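Undergrad: please find the sequence and the predicted model below.
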Amino acid sequence: MVEGDLTARFRQKVPETILISYKGNKYSVPDEYIGKFVDIYPENDELLIYCGNKLIATHNISQKEVNYAPEHYINAKRKTGHGSQAEIDAQSYRQLAKLEAACKEREKIRAEYEKENDHE
C-alpha cells in the first residue's frame with residue numbers, strides 16, 4: 001500500500017515502449033507491466049510508480065526527456081533481442097549511451113535557443 005500522504009496521483013496504461021509520461025517527460029517501468037494500468041505519485045523530487053499495491057519503479061523527477069532505468073531497458077531487450085545475453089546486454093548499454101548523448105545534445109540545443117530568444 002502507498003505510504004504517507006500521496007494525494008496527487010496519475011493513472012496510465014503502460015505502452016509497448018515501457019515509458020510512462022509525467023509532465024512531458026518519460027520514465028521507464030518493468031516490461032512485465034506492458035498493457036497494465038499504473039499509478040504515478042510524485043513525492044518531493046521522486047516519482048513512485050505502483051501497480052495495485054506494489055511499488056514497481058522509482059525515478060528521480062528529471063528535466064530529461066527520456067528516463068530509462070537500465071535494468072528496465074535491458075530486460076525488455078533480452079525478451080525481444082537476438083543473440084546471447086552478453087551480446088544483448090552490450091548492445092543495450094550502447095543504445096542507452098546513444099540515447100543519453102542524444103538527449104543531452106537536444107537539451108543543449110534547447111538551452112541555447114531559449115538563451116538566444118530571451119534577449120529579444
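TA: Ah, there it is. Numbers count the residues shown, from 1 in each chain.
Undergrad: how far away is residue 52 from residue 43?
TA: Distance from residue 52 to residue 43, counting by C-beta to C-beta, to the nearest Å: 18 Å. For glycine as for every other residue, the C-beta is placed from the backbone atoms N, C-alpha and C.
Undergrad: try residue 104
TA: In this structure, residue 104 and residue 43 are 27 Å apart, going by C-beta to C-beta.
Undergrad: who's more crowded, residue 52 and residue 43?
TA: residue 43 (15 against 10; other C-beta atoms under 10 Å).
Undergrad: in which helix or strand does residue 71 reside?
TA: Using DSSP states H and E, the secondary-structure element containing residue 71 is helix 70-80.
Undergrad: can you list contacts of that helix?
TA: For helix 70-80, contacts defined as C-beta atoms under 8 Å, 6 or more residues apart in numbering pick out 18, 28-31, 57, 85, 88-89, 91-93, 95-96.
Undergrad: can you check which helix is longest in this structure?
TA: Ranked by residue count, the top helix of the chain under DSSP state H comes out as helix 85-118.
Undergrad: in that helix, what counts as buried?
TA: Neighbour-count burial for helix 85-118, counted by 16 or more other C-beta atoms under 10 Å, picks out 88, 89, 92, 96, 103.
Undergrad: now for that helix, which elements pack on it?
TA: For helix 85-118, the helices and strands in contact under the criterion 3 or more C-beta pairs under 8 Å, 6 or more residues apart in numbering; DSSP states H and E are helix 70-80.
Undergrad: quick one: low-confidence parts of the protein?
TA: Screening the chain residue by residue with the criterion pLDDT under 70, one finds the ranges 1-8, 81, 119-120.
Undergrad: neighbours of the residue lying closest to residue 106 once chain neighbours are set aside, just the number please.
TA: Nearest-residue entry for residue 106: residue 65, 6.7 Å, with adjacent residues in sequence omitted and distances by C-beta to C-beta, 6 or more residues apart in numbering. One way to gauge burial is a neighbour count; for residue 65, by other C-beta under 10 Å, it gives 14.
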